[in-house]
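In: need the 3D shape of this:
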Amino acid sequence: MDMIRGVLLDLAGVVYEGDHVLPGAVEAVHRLHEAGLPIRFVTNTTTKTKKELVSRLTGMGLEISGDELFTPGQAARAWLAEHDAAPFLLVHPNLEEEFADVPNAPARAVVVGDAGRAFSFENMNRAFRELVDGAAFLALAKNRTFMDEDGELSLDAGAFVTALEYSSGKDAIVLGKPSPDFFEAALASMGCAPKDAVMVGDDAESDVAGALKSGLAQAILVRTGKYRDGDERRFEPPPTAVAEDLPAAADWILDHRTG
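Out: The predicted structure is shown next:
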């Protein structure tokens, strides 16, 4: 096993659920920081801007700076700038602010996130027409489900992205997890090679298998958030370890950090 030099942490279902931080999560992050391990928080949450998310997390007592947080929204902004494209947004109303200052451009890109109630037939059809007219297709994430505020699983944006792919015949460029580029950008920002990194998440598919397929040496699945019994056996590659929660995952990381 290689030495652990950097940690990627999912947020929803690992650090917090709904409007409350999970037991021991703040202390677990503090212990990792105290041990000198750089952390990047990598989230597929697309219902809040990066600024709003940082503010919310610091309000929960979490040690986090803007540089430590990686969101699909910022990845989309970078893609639009690189390709000189203007967005057609099918996202949650809260996220529209993230794209307010993106300049107009001749090229177009449909940007799909967790739009919630905005996933109406009319809005889906507008996005479809943009795609068949030649717009690029960006998916902020393609998760199957998410843990809703009522404590139950709800349908995530992946179903709507897949519907647009089917109808338009165009594959989406996925910007959040499990995109290798997303993991690599987070690791590059702290100068950590994939072989020296560990990912912690509650999604066995996007967080864990996605990280391992992207070249990370280790990935820990936690039994909180969207985890359901048997998830560790449902996707390949399987997790390096399974932990009850983030505090237990932090124990594992600190126990194994020297290889």
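
In: please name the nearest non-neighbouring residue to residue 119.
Out: residue 160 (5.2 Å; C-beta to C-beta, 6 or more residues apart in numbering). In this view, the C-beta of every residue, glycine as well, is placed from N, C-alpha and C.

In: okay, how far is it across stretch 126-143, tip to tip?
Out: 22 Å (C-alpha to C-alpha, to the nearest Å).

In: tell me how far residue 96 lies from residue 47.
Out: 11 Å (C-beta to C-beta, to the nearest Å).

In: go on, residue 26?
Out: Counting by C-beta to C-beta, the gap from residue 26 to residue 47 is 22 Å.

In: list the strands paired with the one helix or strand in the chain whose mean pLDDT sits lowest, with their directions.
Out: Least confident helix or strand, the chain: strand 145-147 with a mean of 85, by mean pLDDT, DSSP states H and E. According to DSSP bridges, strand 145-147 forms sheet pairs with strand 153-155 (antiparallel).

In: following the partner strand, which helix or strand comes up?
Out: Following strand 153-155 in sequence order, the next helix or strand is helix 158-168 (DSSP states H and E).

In: mind listing residues that contact that following helix?
Out: The contact list for helix 158-168, computed with C-beta atoms under 8 Å, 6 or more residues apart in numbering, reads 90, 110, 112, 115, 119, 124, 127-128, 131-132, 137, 139, 141-144, 170-172.

In: and with 10 Å instead?
Out: Helix 158-168 is contacted by residues 44, 90, 110, 112-115, 118-119, 123-125, 127-133, 135, 137-146, 170-172, 174, 205-206 when judged by C-beta atoms under 10 Å, 6 or more residues apart in numbering.

In: neighbouring strands of whichever helix or strand comes after that helix in the sheet, and parallel or not?
Out: Counting by DSSP H and E, the next helix or strand C-terminal to helix 158-168 is strand 173-174. Strand pairing for strand 173-174, using DSSP bridges, gives strand 136-139 (parallel).

In: any idea of the mean pLDDT in the strand it pairs with?
Out: Averaging pLDDT along strand 136-139 yields 98.

In: in stretch 23-35, which residues are buried?
Out: By 16 or more other C-beta atoms under 10 Å, the buried positions in stretch 23-35 come out as 25-26, 28-29, 31-32.

In: closest to residue 228 among the residues you listed?
Out: Proximity of the buried residues of stretch 23-35 to residue 228 was ranked by C-beta to C-beta; the top entry is residue 25 with 20.0 Å.

In: gap between the closest one and residue 3?
Out: 25 Å.

In: same check on residue 227?
Out: Noted for residue 227: a distance of 28 Å to residue 3, by C-beta to C-beta.

In: you'd agree residue 30 is up against residue 63?
Out: Yes: under the contact definition of C-beta atoms under 10 Å, residue 30 touches residue 63, with a separation of 6.1 Å.

In: next, the contact list for residue 4, please.
Out: By C-beta under 10 Å, 6+ apart, the neighbours of residue 4 are 32, 35, 37, 192, 196-198, 217-218, 252-254, 256-259.

In: how about it: what's its closest non-neighbour residue?
Out: Spatial nearest neighbour of residue 4, chain neighbours left out: residue 257 (4.2 Å); criterion: C-beta to C-beta, 6+ apart.

In: okay, now that neighbour: neighbour count?
Out: 18 (other C-beta atoms under 10 Å).

In: per-residue pLDDT, it?
Out: pLDDT, residue 257: 90.

In: who's in contact with it?
Out: 1, 3-5, 7, 32, 35-37, 196, 198.

In: ok, now residue 145?
Out: 152-156, 158-159, 203, 205, 226, 228.

In: could you rerun that using 6 Å?
Out: Counting by C-beta atoms under 6 Å, 6 or more residues apart in numbering, residue 145 makes contact with 153, 156, 226.

In: that concludes my questions; thank you for your assistance.
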